[in-house]
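**Q** I would like the atomic coordinates for the input below:
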Amino acid sequence: MGTFSGDIFDLTRRAAAPSQAGIFSGDNPSHYNASDPIRLWVIQAVVIIGFTQLLALVFGRMRQPRVIAEVVGGVILGPTVMGRIPKFTTTIFPDASMAGLNLTANVGLVLFLFIVGMEVDMSLVRRNARASTAISLAGLVLPLGLGAALAVPIYHTFTDGTANFGYFVLFVAVAVGITAFPVLCRILTELKLLDTTVGVVVLSAGVGNDVVGWILLALAVALINASSGLTALWVLLAGLAYVLFMCFPVRWAYLWLSRKTGSLEAGNPSAMMMTITLVLVFISAFYTDIIGIHAIFGGFVAGLVIPHDHGYAISMVEKLEDLVSILLLPIYFALSGLRTNLGLLDNGITWGYVVLICVVAFFSKFLGCSIAAKLSGFNLRESGAIGTLMSCKGLVELIVLNVGLSAGILDTRTFSMFVLHALILTFLTTPLTLLFYPPKHRVHIGATTARGAATARGDFQGALKLRVSTIVDRVEQLPAVMTLTQLLQPSAPVALAPISASAPGSEYHEKPSSDGTLSLNSRRLTLEALRLIELTDRTSAVFKSQSAEALVRSDALLSVLRTFGYLHHINVSTSLAVVGADDFPEHVAQHVRDTSSQLVVLPWVSPVVPVEDGPTPAPTQAGNSNDPASASTSASVPGPFDALFQQKRDRSITGGQAQYIRRVFSDVHADVALFWDRGLGQPSEGDAQHHLFLPFFGGPDDRQALSLIVQLCLNPRVSAFVVRVRKSGSEALTPINSIEAEKAWNLLHSNTVHNPAFPDTVYGAQTTQTRLASDTADDLLWARFTTSANAVPELSEALSRITFTEEASNTPLHSIVDLAKRTPPSRARLLLVTGRARRMAVESHFDELRRLCIEHNASLGTELPKVLGEVASAFVAAGLSASMVVVQAATAGGR
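**A** Below is the predicted model:
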């Protein structure tokens with residue numbers, strides 16, 4: 001037979017082999033095949049992940065940590081529930097397949113303990129040494145003692161006496177006395193306690209408790225695996241020597257290598273450093289396993305080696321956490337559930353001991369930690385919350401119980417009793433903490449702040465805003481912040497004597513004029529920059545919250561702003577806070593109160609193509625790619641809400657972004673300016689000129705917008721055109737027939753889903769007295785700026801660059817749109833400034849805005865007019881693609 005024929009014969013024979021044909025030859029993929037275990041492993045992994053994710057959604061609604069869903073999912077899949085279905089366990093989880101599933105679970109557990117080791121930050125303990133040490137010791141001594149006492153009746157009642165009594169007592173004592181530090185971090189995150197005094201002290205005490213717990217577990221495992229006392233001593237000495245070797249020579253070498261490769265300075269491990277790290281983790285796990293200590297200790301010790309500088313550990317966690325938390329760790333805790341058989345708890349004595357275990361485990365921790373906290377100066381509510389949080393079990397205790405079960409110290413019944421008690425105590429932690437320490441009684445430490453040398457200064461009769469807060473989240477927002485901040489600076493403060501130029505944000509002294517006072521132009525702007533990072537249930541987010549003090553100095557966005565302030569002689573103070581997305585508006589309001597800011601600048605970044613320099617073109621009949629409300633499309637206008645915060649879950653104009661902006665408007669008791677950057681921050685040739693356009697209708701928001709215009713025009717590169725618009729005559733809008741009315745309704749409500757959780761903002765109704773007072777204030781402010789420059793000599797130069805005019809029209813929105821298109825001179829960038837006018841508006845423009853939407857076929861939805869106001873929405877509907885500032889004036893109280 002020829003070579004070719006032989007090859008064809010061999011190929012045909014292999015293709016016909018049943019082992020290669022799979023399901024086409026009748027092979028059952030659920031049957032375990034030792035030579036090809038991947039098929040059943042995939043089925044098992046999908047079932048476990050599916051159950052875990054489904055239960056996580058349910059328990060997440062009850063604000064419970066994910067570990068409860070993982071363990072309960074395993075219990076349901078085990079002999080307690082699903083195992084009672086005939087052939088379910090033998091088909092999906094046969095005994096022969098457990099070895100592969102155990103190997104995967106242990107790999108995940110080693111990586112998880114590596115992440116836990118990175119979470120340990122001894123600086124937390126040092127900062128709260130006295131209170132945290134007292135609470136940690138009280139939370140160990142009393143529970144360990146009572147746990148050892150509890151082990152005696154359990155041993156004699158539920159074991160056959162074959163297990164070593166001393167080892168059994170040691171395991172029960174460790175299981176009762178240990179605190180689940182990883183679960184504790186996530187509960188503090190969920191309850192928003194990380195920035196409170198209670199949260200900081202609990203984290204500090206939890207670190208010490210966690211380290212001691214792992215040492216005790218290592219001791220227990222070493223004693224179990226040793227054949228004699230001398231062998232156990234050798235195991236402990238080898239383990240201690242290895243910990244010292246890893247924490248000093250290996251840590252120094254790793255730190256040197258990470259610096260040498262540039263990974264540490266970049267705050268991001270390279271591929272080589274990730275390779276070295278993973279090899280280090282598994283070699284460490286291998287060593288601790290072969291000397292008689294469980295492999296998980298090797299992963300934990302390897303985590304202590306990783307440096308935390310420049311966010312390096314955070315980046316490391318981000319690269320590993322999804323694989324570990326979504327796939328590997330659920331498999332491990334599902335196995336814990338599979339080993340749990342609640343059906344064995346079949347008599348009153350057993351359930352009585354379950355209750356006794358829960359009572360002893362909870363009150364030993366609660367009383368010890370609460371009394372220590374009270375003696376450390378905490379009040380009763382704070383002490384109760386600390387005691388409750390320190391009684392949390394979860395992940396770590398389940399690991400201890402699994403080690404005890406594998407070593408034969410615990411039998412299935414005792415194991416099930418302790419698993420149930422761990423679930424109950426972890427489940428009770430959240431509601432009891434909320435009961436002891438509700439939000440209204442919490443003492444927040446506040447955002448981590450790196451303060452410059454800003455000094456509070458008065459402004460000229462309230463016209464100048466020299467202390468400005470801004471919120472930054474992404475690098476795309478920096479041009480907007482820098483542009484508007486530079487324009488807000490009255491002029492270049494040439495009379496400044498630097499004290500030190502060693503770092504951005506260095507202090508400068510202002511030289512007074514000859515009469516000893518500071519001139520208007522010498523006053524310096526203070527920028528209070530707040531960086532918000534969303535706090536999620538991810539481990540990396542918890543890391544960031546713990547490292548906020550370091551992040552505020554190393555964060556790239558804040559560093560750029562500090563350098564910008566130094567170069568332009570602007571005081572820049574930077575703050576960083578890691579908070580939940582729902583708490584962003586509240587934190588912004590608190591930041592404004594703490595810094596006494598006069599103006600809040602919210603930068604928005606438009607997702608549309610930026611406009612070029614020069615006059616704003618009139619809208620075309622079709623296909624203008626720069627026109628978000630072009631007649632060529634009936635889709636909703638792409639607003640800035642979709643790109644405000646990178647990590648926000650709901651990025652639509654009808655969702656969380658619009659609600660965030662409206663809540664800032666409602667909660668912040670300072671002037672707010674929304675800066676929608678649609679290309680203003682682009683570089684241009686020469687010295688860029690900016691031309692502002694303000695339609696002045698009246699009301700507090702328009703008055704504040706006019707004052708802002710005057711301040712911006714103190715900059716010699718800024719000019720302005722201000723038109724006071726009055727509505728004259730009767731309503732002359734063309735009646736809308738039923739078809740056009742339906743079209744207008746769709747254009748103003750397209751792609752909008754009513755969400756009762758975010759109702760419209762309710763503003764107080766105007767009275768005749770407040771309306772007259774507002775009209776009088778409008779006339780006075782207008783007269784002050786337009787009658788004579790001598791009335792305000794300090795602002796005469798700025799007023800000379802402003803053109804004031806008045807116009808009466810029965811279609812004011814159409815008039816201002818036409819004026820805006822004709823206003824900007826050549827080489828100037830147009831910046832539209834409007835009052836939001838959602839509060840104490842002179843009149844409603846809704847009908848005319850609806851007409852504009854029909855004429856330009858512009859679909860705004862319902863959220864855009866609510867956020868921007870009707871006047872600014874008219875510019876969007878008409879297709880003006882210039883950047884926009886929407887101003888809302890401050891009020892003394894809430895809105």
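
**Q** Would you agree Asp583 is in contact with Lys192?
**A** Yes: in this structure Asp583 lies within contact range of Lys192 using CB atoms under 8 Å: 6.6 Å. Quick note: C-beta positions are derived from backbone N, CA and C, even for glycine.

**Q** can you give me the strands for the protein?
**A** Listed in chain order, the strands of the chain (DSSP state E) span 448-450, 467-472, 496-498, 508-510, 526-534, 571-579, 599-605, 671-677, 689-696, 718-727, 802-809, 828-835, 883-888.

**Q** mind giving me JSON lines with those and columns for distance to Asp309 and mean neighbour count?
**A** JSON lines is the format used below for these (distance: least, CB to CB, whole Å; neighbours: other CB atoms under 10 Å):
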{"stretch": "strand 448-450", "distance to Asp309": "16", "mean neighbour count": "19"}
{"stretch": "strand 467-472", "distance to Asp309": "23", "mean neighbour count": "24"}
{"stretch": "strand 496-498", "distance to Asp309": "30", "mean neighbour count": "11"}
{"stretch": "strand 508-510", "distance to Asp309": "30", "mean neighbour count": "16"}
{"stretch": "strand 526-534", "distance to Asp309": "18", "mean neighbour count": "24"}
{"stretch": "strand 571-579", "distance to Asp309": "16", "mean neighbour count": "24"}
{"stretch": "strand 599-605", "distance to Asp309": "30", "mean neighbour count": "25"}
{"stretch": "strand 671-677", "distance to Asp309": "34", "mean neighbour count": "24"}
{"stretch": "strand 689-696", "distance to Asp309": "41", "mean neighbour count": "23"}
{"stretch": "strand 718-727", "distance to Asp309": "43", "mean neighbour count": "20"}
{"stretch": "strand 802-809", "distance to Asp309": "51", "mean neighbour count": "15"}
{"stretch": "strand 828-835", "distance to Asp309": "42", "mean neighbour count": "25"}
{"stretch": "strand 883-888", "distance to Asp309": "39", "mean neighbour count": "26"}
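
**Q** how much space between Leu191 and Ile533?
**A** Using CB to CB, to the nearest Å, one gets 18 Å for the distance from Leu191 to Ile533.

**Q** what comes into contact with stretch 276-290?
**A** Stretch 276-290 has contacts (CB atoms under 8 Å, 6 or more residues apart in numbering) with 110-111, 114, 239, 242, 246, 250, 254, 257, 269, 294-299, 301-302, 305-306, 316.

**Q** Enumerate the positions of it that are buried.
**A** Buried residues in stretch 276-290, defined by neighbour count with 16 or more other CB atoms under 10 Å: Ile276, Thr277, Leu280, Val281, Phe282, Ser284, Ala285, Tyr287, Thr288, Asp289.

**Q** mind checking pLDDT for the fifth one?
**A** If I follow you right, that is Phe282. Predicted confidence (pLDDT) at Phe282: the value is 96.

**Q** repeat for the second one
**A** Predicted confidence (pLDDT) for Thr277: 96.

**Q** Near the closest residue to Leu405 other than its chain neighbours, how many other residues are there?
**A** Of all residues not flanking Leu405 in the chain, Phe415 sits nearest, at 4.8 Å (CB to CB, 6 or more residues apart in numbering). Phe415 is flanked by 21 other residues according to other CB atoms under 10 Å.

**Q** thinking again about what came up before, okay, the buried residues of stretch 276-290 in a markdown table with distance to Gly343 next?
**A** Below are those laid out as a markdown table (distance: CB to CB, whole Å):
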| residue | distance to Gly343 |
| --- | --- |
| Ile276 | 48 |
| Thr277 | 43 |
| Leu280 | 43 |
| Val281 | 38 |
| Phe282 | 38 |
| Ser284 | 39 |
| Ala285 | 35 |
| Tyr287 | 40 |
| Thr288 | 36 |
| Asp289 | 33 |
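
**Q** now, which of the residues you listed lie within helices?
**A** With helices defined by DSSP state H, the entries of the buried residues of stretch 276-290 inside them are Ile276, Thr277, Leu280, Val281, Phe282, Ser284, Ala285, Tyr287, Thr288, Asp289.

**Q** Contact partners for the closest residue to Phe436 other than its chain neighbours?
**A** Leaving out its chain neighbours, the residue that sits closest to Phe436 by CB to CB, 6+ apart is Gly384, at 3.7 Å. By CB under 8 Å, 6+ apart, the contact list for Gly384 reads Phe366, Ser370, Phe436, Tyr437.

**Q** Identify the residue spatially nearest to the second one, adjacent ones excluded.
**A** The shortest distance from Ser370 to any residue that is not its chain neighbour, by CB to CB, 6+ apart, is 3.4 Å, and that residue is Gly387.

**Q** for Glu586, same thing?
**A** Nearest one to Glu586, counting by CB to CB, 6+ apart, is Asp667 at 6.5 Å.

**Q** Straight-line length of stretch 73-85, end to end?
**A** 16 Å (CA to CA, to the nearest Å).
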